[in-house]
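A.B. asks: Provide a 3D model corresponding to the input given below.
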Amino acid sequence: MTSWLPPSRVRRHLRDGNKWIRRYAGVCFVDADSNRVMLGKKRVGFGKGLWQHSMAGKAEGGETPMQTAVREAEEEVGIRPEEDSLIPAAVTLYEFADRKVASFVMEVHIFVYKVDRHKATPKQSIEIGETEWFPADRLPLEQMWADNASWLPDMLVGVRRPEPRPKILYYLYDSLTTIAEREEINDIKD
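C.D. replies: Predicted structure coming up:
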């Protein structure tokens, strides 16, 4: 998916269709030769202390998902991916039952960027501290957001296919650590 989802098509899948949608995008760095994924440890804000599979953040102005992803990757780890090398991998919609956690729904576009991990030198930033390259089949899922276990391993396998098909997934969190609902959405197209 290279453009933002139409809000009118998304709202029917939400528990609270009156919440506004905040748009995010990020890059998941994958070393294709070793099948390793670069994870970054979140230092501040939402998800502090958790390993992040993508260097992601909020869209600014009229940015597209790809433009947001490129900017955020550069800001968070100092690596600027080429837009035309990004592989659309997933779109996740996150809603929290408790409005105190988030009074909006997060629309997050994830792009995979294949790199040579020996040439990609990440830098620490205000948001991301340490980074580490993990084998794709041994990710520290217990130290990541709860939803990651249900889709991230499949996404990493999927991007190795000649024509990866990004999924659109919806998660309703009861709390910061518990998923109440999960849905794969098939009726929204780019």
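
A.B. asks: so where's the chain uncertain?
C.D. replies: 1, 159-164, 189-190 (pLDDT under 70).

A.B. asks: the most centrally placed residue in it is in what secondary structure piece?
C.D. replies: Using CA atoms, centre = their mean, the residue of the chain that lies closest to the mean C-alpha position is Ile110, 4.3 Å off. Assigned by DSSP states H and E, Ile110 falls within strand 104-115.

A.B. asks: show me how far that strand is from its chain's centre.
C.D. replies: Counting by CA atoms, centre = their mean, to the nearest Å, strand 104-115 is centred 3 Å from the centre of its parent chain.

A.B. asks: skipping its backbone neighbours, what lies nearest the residue nearest to the centre of the chain in space?
C.D. replies: Ala90 (4.5 Å; CB to CB, 6 or more residues apart in numbering). Yep, even glycine has a C-beta here, placed from its N, CA and C like the rest.

A.B. asks: and that neighbour, what is it in contact with?
C.D. replies: His109, Ile110, Trp151, Met155, Pro166, Lys167, Ile168, Leu169 (CB atoms under 8 Å, 6 or more residues apart in numbering).

A.B. asks: list the buried ones in the longest helix along the chain?
C.D. replies: Taking DSSP state H as the criterion, the chain has its longest helix at helix 65-77. Neighbour-count burial for helix 65-77 flags Pro65, Met66, Thr68, Ala69, Val70, Arg71, Glu72, Ala73, Glu74, Glu76, Val77 (criterion: 16 or more other CB atoms under 10 Å).

A.B. asks: ok, and what's touching it?
C.D. replies: By CB under 8 Å, 6+ apart, helix 65-77 touches 1-4, 23-27, 29, 38, 40, 54-60, 63, 79-81, 83, 86, 109, 111, 113, 122-123, 125, 127-128, 131.

A.B. asks: from the residues you listed, list just the buried residues.
C.D. replies: Buried, going by 16+ other CB under 10 Å: 1, 4, 23-27, 29, 38, 40, 54-57, 59, 63, 79, 81, 86, 109, 111, 113, 122, 125, 127-128, 131, out of those.

A.B. asks: please look at Lys42 and Ser54 and confirm they touch.
C.D. replies: No: with contact defined as CB atoms under 8 Å, Lys42 does not count as touching Ser54 (11.1 Å).

A.B. asks: you'd agree Phe29 is up against Asp116?
C.D. replies: No: the pair Phe29 / Asp116 is not scored as a contact, 10.4 Å apart, by CB under 8 Å.
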